[in-house]
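**Q** Need the 3D shape of this:
(4 chains)
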There are 4 protein chains.
Amino acid sequence: MKQVPFKGIISYPITPFDKQEKVDIPLFKTQVERLVAAGSHGIAPLGSTGVLPYLTDAEKEAVTEAAIEQVAGRVPVLVGVSNLTTERTIYHAQFAEKAGATAIMIIPMSYWKLTDDEIVKHYDAVASKINVPIMAYNNPAIGGVDMSPALLKRLLEIPNVTMIKESTGDVQRMHFLKRELGEEVAFYNGSNPLALAAFAAGATGWCTAASNLIPGLNIGLYNAIQQNDLKSAQSIFLKQIDLLRFIVATGLPRSIKAGLELIGVEGGELRRPLQALSTTETAQLESILKGLGLV
Amino acid sequence: MKQVPFKGIISYPITPFDKQEKVDIPLFKTQVERLVAAGSHGIAPLGSTGVLPYLTDAEKEAVTEAAIEQVAGRVPVLVGVSNLTTERTIYHAQFAEKAGATAIMIIPMSYWKLTDDEIVKHYDAVASKINVPIMAYNNPAIGGVDMSPALLKRLLEIPNVTMIKESTGDVQRMHFLKRELGEEVAFYNGSNPLALAAFAAGATGWCTAASNLIPGLNIGLYNAIQQNDLKSAQSIFLKQIDLLRFIVATGLPRSIKAGLELIGVEGGELRRPLQALSTTETAQLESILKGLGLV
Amino acid sequence: MKQVPFKGIISYPITPFDKQEKVDIPLFKTQVERLVAAGSHGIAPLGSTGVLPYLTDAEKEAVTEAAIEQVAGRVPVLVGVSNLTTERTIYHAQFAEKAGATAIMIIPMSYWKLTDDEIVKHYDAVASKINVPIMAYNNPAIGGVDMSPALLKRLLEIPNVTMIKESTGDVQRMHFLKRELGEEVAFYNGSNPLALAAFAAGATGWCTAASNLIPGLNIGLYNAIQQNDLKSAQSIFLKQIDLLRFIVATGLPRSIKAGLELIGVEGGELRRPLQALSTTETAQLESILKGLGLV
Amino acid sequence: MKQVPFKGIISYPITPFDKQEKVDIPLFKTQVERLVAAGSHGIAPLGSTGVLPYLTDAEKEAVTEAAIEQVAGRVPVLVGVSNLTTERTIYHAQFAEKAGATAIMIIPMSYWKLTDDEIVKHYDAVASKINVPIMAYNNPAIGGVDMSPALLKRLLEIPNVTMIKESTGDVQRMHFLKRELGEEVAFYNGSNPLALAAFAAGATGWCTAASNLIPGLNIGLYNAIQQNDLKSAQSIFLKQIDLLRFIVATGLPRSIKAGLELIGVEGGELRRPLQALSTTETAQLESILKGLGLV
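**A** Okay, the predicted model is just below:
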């Protein structure tokens, strides 16, 4: 069995900024602490939620170190190291490994649509330079390239590519992975509104920013699945579906920041071009959170 | 609670033709009998699988009567009556009711993209002329129009529109229906590869032609769900996923006919322009059926 | 050079109905006469504009005969004979030929997505039974199947398939046809808002219902192109683009009927499920026609 | 009339690298010189062709200075300054202005899908900090966000946003801009295979990397349009359509580099993850160039 250090609810912190649009490391550590304390099974800094590509190299390094320091080994840490060029991806992967990351996550960020061969060589070049496991992340809406199940299968032949994060929102991809690769493959769901279907399809975990706001419901869903209790899973999932849809529709960094503030937690500022939720959007979010008894 | 006469596995027979491309009613009845005997919870003649729009009015009437006669009240019968014009839809709906159909199914077949108002008026005009319940069928790939969840909600306000068949393959539509309409709504899955996700989302039944070939696996999935046993459901679903995908990819009438012949059952002929599966396709199907121990 | 009897503006009459939703043949003939008198280079009854698939066989035959009788040889007549089954398409093609049609038009109407082989066999079966030329019509939005340029090339190998009508709205298809088939191919534009780009790409004609309302502008565009005067063509095209977009967005039968009435010509009734334009839509159309000095 | 310094063929140089994947400035200057000498009406460094987002800040600055120095005022220079964050976009815009750029080009690079308000504020923040004109660049395939015609209209209200580059490949967008904004708007085509349709629609210029290989044909098309000679324009366009399609399908940096080498010009290396064309692709390109008498 390949090395698969993650399962359950893998929580994605946002990267908060101060009024001058500088990364606010102390606030970031507070937010990471909340996620660990709430029972997250893993922490994933520098994901899309953490606006990875908006950060300078120095900022990425500071966030990596802060996350690992704050988590302090209580749960595994998955660090995002995606970059447009292969050389920079290797650089950040090596930094994360040295800093103590449990594993790293890579999405093939595409400007020019990459060929399958370019993507395989990209992962291979990074994998050969590090020893921690890699989670390959497929998210065409974010990365601009849709890795087919066949391509994902090729990537899994690289020894330390051991995990797949699927965010296409297409449950068929998960059936394919399960069918083709059986017990060998660990796949993770990255599409929030697909959480129930993904667990039903056999997902090992759920990569989510929702746990910044509703960790109990997220973990509750996972537990019901672990207990093979579909009826409870369905019921607990339906409670959270409105919030899951809302945070995806309005964008994770914007909606999580707004949600934190609505439930009385400091959210920090956004970095431009991102702007705060509109008044209408904020009211919608408040109404959803009220329905959950959170405000 | 609205009138919802269907649950479980609703089986779709093909419409077999003879060498002169005439409908073969005796063979059709034999095939319907197989579906009932196999344990189907309902029978649905004149669906897409039954090439409804390829038939003349007289042929549709003969098929309707043959199905109802053969089933003989053992399970409920759902008759497809969709037509491009409102007037003809009313005609066939009234015929089906008089012939003894338990309910009818209507997809808004679109040539010119219909507006929401045109669709509501279409259903309303038919519903006001009959007393049996109506299943509204959403399948943009077949009908050319995608009924939004909001439109489906409007349709459900028509008293005898009591059931929704969703074939977009998008599990989110089902979550929406469940979330919005709660216990009031019965929705059915019409996308074969989505069967597991749909049941996990709370589907009342599965409209499928797969039961012409693998009724045991189809019913087994439903039973596992009824027993709240997700692990078994997942396992039994993974066994059938390849066949489900194949029959959708190659088209239900063509693949079911071919599959029947491979397992030693008479399949009849197709009506042109439909052509038999190619040699390559037939070999693929044979290989899948072999994997299931059926050939 | 293959037999290509059409060029310029090929006008599509609507099929008007009376209050009882019966086809109004006298009114239809009046509308055909208007199109001929306005200078149309061809007349095409039983197109999408004429709601072909909403009609019974007898109605199709009456419309075919009425159109040919009214045109009386002044311009060529292109009769739509598309049908879901091959057998019925042959029937209507033979009827049209015997009635005096100059050529027939066939779109592969798809319920089940047809394979390329099924489509080729469909055209071939019809072509072998008649002697008039065939225009192959590609319109995925209407017919449900998108014939690739490679498939169109295969169809053109059938001796009496001599014309292509392209309605994808993708000018690249036209460049491909021109590049691949050179002077051998006559292609016609069926996407109204693409009229200028299509003529610039070398289209032989424009199949349009717009000439029910603005024949002068339609013919003016064609004439400017014939005179190699791009600047005038662009100018005359920009005058009509708003109307072209409107009639496509709201559907040709509905918008042409409404437009006729706005300019003081009898439009007849629609057959359900089609409904008249909404009040808002009618006001938009009136405003566009006012801008053109027509109301 | 707003300030519009560009017309005709605006040529996009690639950014060549050396064996160590470092930017090769001397080779870049040679390539820029070829483009000017061939008759380009403008030069646009740091576009997509120049792999802008693959470069460090220092590399972008060196390329900007090299391009402006080499062009030496013979034609206007359009510098790409797009960046994910607003702050960095301002920085590069100011650098380009100080270095002597005639205008700058900005595509709203999206990681999280930006809202219309976020995009307007992004352009506004940059525009308020510089005095040179801005070309707003719409290319959903590259940037991940599709700016609607309505949004482009909002952007044009910002005083120094004076030009639109449209690369959706949808000629309707251009008709809309022309119709809505009349003589006030200068729009440029960025979709190579759409060059003829775009000029027919009134495009002021064509932003292209094709002029690295076939400047004569590109300029010839523009000249025919200027002379209102559509027949010649069509003929000269059809000669180049295969090459235009090929370079788009395989990606501009990869195909231009390969094409340069096939015609005997030094192309430099690519930066990973980009890889050289495959052997098959190279053979296809060679065959196209042979057909044009270039190899």
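
**Q** what about the helices in chain A?
**A** A:25-37, A:57-71, A:86-99, A:116-127, A:140-143, A:149-155, A:171-181, A:195-200, A:215-226, A:230-250, A:252-262, A:279-291 (DSSP state H).

**Q** which residues make contact with the fifth one from outside it?
**A** Outside of helix A:140-143, the residues that reach it under the criterion Cβ atoms under 8 Å, 6 or more residues apart in numbering or on different chains are A:48, A:82, A:107-110, A:137, A:146, A:167-168, D:111-113. For glycine as for every other residue, the C-beta is placed from the backbone atoms N, C-alpha and C.

**Q** Verify the contact between A:Pro253 and A:Ile14 for me.
**A** Yes. At 5.3 Å, A:Pro253 counts as touching A:Ile14 under the criterion of Cβ atoms under 8 Å.

**Q** so how far is A:Asn138 from A:Pro159?
**A** Using Cβ to Cβ, to the nearest Å, A:Pro159 is found at 19 Å from A:Asn138.

**Q** what do A:Pro253 and A:Ile14 both touch?
**A** Common neighbours of A:Pro253 and A:Ile14 (Cβ under 8 Å, 6+ apart) are A:49-51.

**Q** before we move on, the earlier item: so which of A:Pro159 and A:Asn138 has more stuff around it?
**A** A:Asn138 (24 against 13; other Cβ atoms under 10 Å in any protein chain shown).

**Q** out of everything not next to it in sequence, what's closest to that one?
**A** A:Met147 (4.5 Å; Cβ to Cβ, 6 or more residues apart in numbering or on different chains).

**Q** separation between A:Asp170 and chain D?
**A** A:Asp170 sits 19 Å away from chain D, going by Cβ to the nearest Cβ, to the nearest Å.

**Q** Tally up the residues packed near that residue, please.
**A** Neighbours of A:Asp170 (other Cβ under 10 Å): 18.

**Q** where in chain A is pLDDT low?
**A** Low-confidence segments of chain A (pLDDT under 70): A:1-2.

**Q** is the spatially most central residue of it in a bridge, and if so with what?
**A** Per Cα atoms, centre = their mean, the C-alpha nearest to the average position across chain A is that of A:Cys207, at 4.4 Å. When assigned by DSSP bridges, A:Cys207 has beta-bridge partners A:Ile10.

**Q** which residues does it contact?
**A** The neighbourhood of A:Cys207, defined by Cβ under 8 Å, 6+ apart, consists of A:10, A:12, A:44, A:47, A:165, A:167, A:188-190.

**Q** ok, now A:Gly259?
**A** A:212-213, A:247, A:267, A:285, A:289.

**Q** Can you tell me, leaving aside adjacent residues, what's nearest to A:Asn83?
**A** A:Thr89 (4.3 Å).

**Q** quick one: A:Tyr222 and A:Ile10 touch, right?
**A** No. The criterion here is Cβ under 8 Å, and A:Tyr222 misses it with A:Ile10 at 10.5 Å.

**Q** These two: which is more packed in?
**A** Between A:Tyr222 and A:Ile10, counted using other Cβ under 10 Å, A:Ile10 has the larger neighbour count: 29 against 22.

**Q** Next one: that one relative to chain C, how far apart?
**A** 39 Å.

**Q** most surrounded residue in the contacts of helix A:140-143?
**A** Among the contacts of helix A:140-143, A:Ile107 has the most neighbours (other Cβ under 10 Å), with 27 neighbours.

**Q** Dihedrals phi and psi, that one?
**A** Backbone torsions for A:Ile107, taken as degrees, to the nearest 10, come to phi -110, psi 130.

**Q** residues contacting it?
**A** Counted by Cβ under 8 Å, 6+ apart, A:Ile107 has contacts A:80, A:82, A:136-139, A:142-143.

**Q** Pretty sure A:Val36 sits against A:Val77.
**A** No. The criterion here is Cβ under 8 Å, and A:Val36 misses it with A:Val77 at 10.0 Å.

**Q** Quick check: neighbours shared by these two?
**A** By Cβ under 8 Å, 6+ apart, the residues touching both A:Val36 and A:Val77 are A:43, A:71.

**Q** Tell me which of the two has more neighbours.
**A** Neighbours per residue, other Cβ under 10 Å: of A:Val36 and A:Val77, the larger number sits with A:Val77, 27 against 18.

**Q** I'd say that one and A:Thr102 touch.
**A** Yes. Under the criterion of Cβ under 8 Å, A:Val77 makes contact with A:Thr102 at 5.1 Å.

**Q** Need the residues touching each of these two.
**A** Residues touching both A:Val77 and A:Thr102 (Cβ under 8 Å, 6+ apart) are A:Gly42.

**Q** returning to that earlier point: and the contacts of A:Cys207, which is closest to chain B?
**A** A:Asn189 (11.9 Å; Cβ to the nearest Cβ).

**Q** Next, count neighbours for A:Ile263.
**A** Neighbours around A:Ile263, by other Cβ under 10 Å: 15.

**Q** Leaving out chain neighbours, which residue sits closest to it?
**A** A:Leu294 (5.2 Å).

**Q** separation between that neighbour and A:Glu166?
**A** Separation of A:Leu294 from A:Glu166 (Cβ to Cβ): 29 Å.

**Q** Compare the two and say which one has the larger neighbour count.
**A** Neighbour count, other Cβ under 10 Å: between A:Leu294 and A:Glu166, A:Glu166 has more, with 28 against 15.

**Q** gap between that one and chain B?
**A** 14 Å.

**Q** One more: A:His41?
**A** In terms of Cβ to the nearest Cβ, A:His41 sits 20 Å off from chain B.

**Q** Any idea how many residues pack against the closest residue to A:Ile247 other than its chain neighbours?
**A** Nearest non-adjacent residue to A:Ile247, counting by Cβ to Cβ, 6+ apart: A:Ser255, 4.2 Å away. When counting by other Cβ under 10 Å, one arrives at 26 neighbours for A:Ser255.

**Q** Please apply the same query to A:Leu213.
**A** Applying other Cβ under 10 Å, I find that A:Leu213 has 24 neighbouring residues.

**Q** what residues are up against it?
**A** Residues in contact with A:Leu213 (Cβ under 8 Å, 6+ apart) are A:243, A:247, A:256, A:259-260, A:263, A:289, A:294.
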